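[1] With the sequence up front, the predicted model follows.
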Amino acid sequence: RAGSLGAPVRLVTDPPPRSRDLSAPRLLAAQGGACAGCGRPAQGQPPVRACAYTRRAYCAACHRNDAEVLPGGVLHAWDFRKRRVCVQAAHFLRSVATRPMLNVSAANPELYNRVGALARCLDLRTWLTRALAQSAARSKVLAAAGRRR
């Protein structure tokens, strides 16, 4: 999660915030009136926008209403709706969108019971892992047998 000004955006897997928790004026006041992206005073310079990913307020230059899927939404509720995020968060989320970064088994194993397609993927991965292990073991045995001839 982005911390102080200039901090890099990190992977956030918390459930997405409710819209009432994303009051841009309230977030801006908690930040001392400064944009979380550039640090310039953002009070009195509409539109001030809230980022659903970092849960901070930004000026219009640092938040251009980009919309991205939040990892926490997918992980906790299988929710692929796009949410409004700041420019920095949008860039980060696009850069990791295709990387396998979430461990569902560790973070929310109950999701396998609620999403049939995800459970099927887990079954296939488990089967493939076992098949590859057996294949590697067979190759070692055959290689050892070949050396003995």
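    Noted; the coordinates are in hand.

[2] Quick check, pLDDT for W78.
    Looking at W78, its pLDDT is 93.

[3] Could you pull up the residues touching it?
    Residues in contact with W78 (C-beta atoms under 8 Å, 6 or more residues apart in numbering) are L111, R114, V115, L118. Placement of C-beta: from N, CA and C, glycine included.

[4] repeat for V115
    Counted by C-beta under 8 Å, 6+ apart, V115 has contacts W78.

[5] Quick check, pLDDT for Q45.
    So, for Q45, pLDDT stands at 67.

[6] Against which helices or strands is the helix ranked longest in the chain packed?
    Secondary structure assigned by DSSP state H gives helix 116-148 as the longest helix of the chain. Helices and strands touching helix 116-148, as assessed by 3 or more C-beta pairs under 8 Å, 6 or more residues apart in numbering; DSSP states H and E, comprise helix 104-107, helix 111-114.

[7] if you average pLDDT over each of those, which comes out lowest?
    helix 104-107 has the lowest average pLDDT among the helices and strands packed on helix 116-148, namely a mean of 89.

[8] for S95, helix, strand, or coil?
    Classification of S95 by DSSP: H, G, I helix; E, B strand; the rest coil places it in helix.

[9] could I get the helices and strands packed on helix 116-148 as TSV with mean neighbour count and distance to Y53?
    TSV is the format used below for the helices and strands packed on helix 116-148 (neighbours: other C-beta atoms under 10 Å; distance: least, C-beta to C-beta, whole Å):
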stretch	mean neighbour count	distance to Y53
helix 104-107	12	17
helix 111-114	14	20
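
[10] quick one, which of those is nearest to V141?
    Proximity to V141, assessed across the helices and strands packed on helix 116-148 by C-beta to C-beta, is greatest for helix 104-107 (31.1 Å).

[11] Just the CA coordinates for that closest one, please, in CSV.
    Presented in CSV, the C-alpha positions along helix 104-107 are these (Å, rounded to 0.1, in the frame of the first residue of the first chain):
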residue,chain,number,x,y,z
VAL,A,104,-5.5,-18.2,-3.3
SER,A,105,-4.8,-21.2,-1.1
ALA,A,106,-3.1,-19.1,1.5
ALA,A,107,-5.2,-15.9,1.3
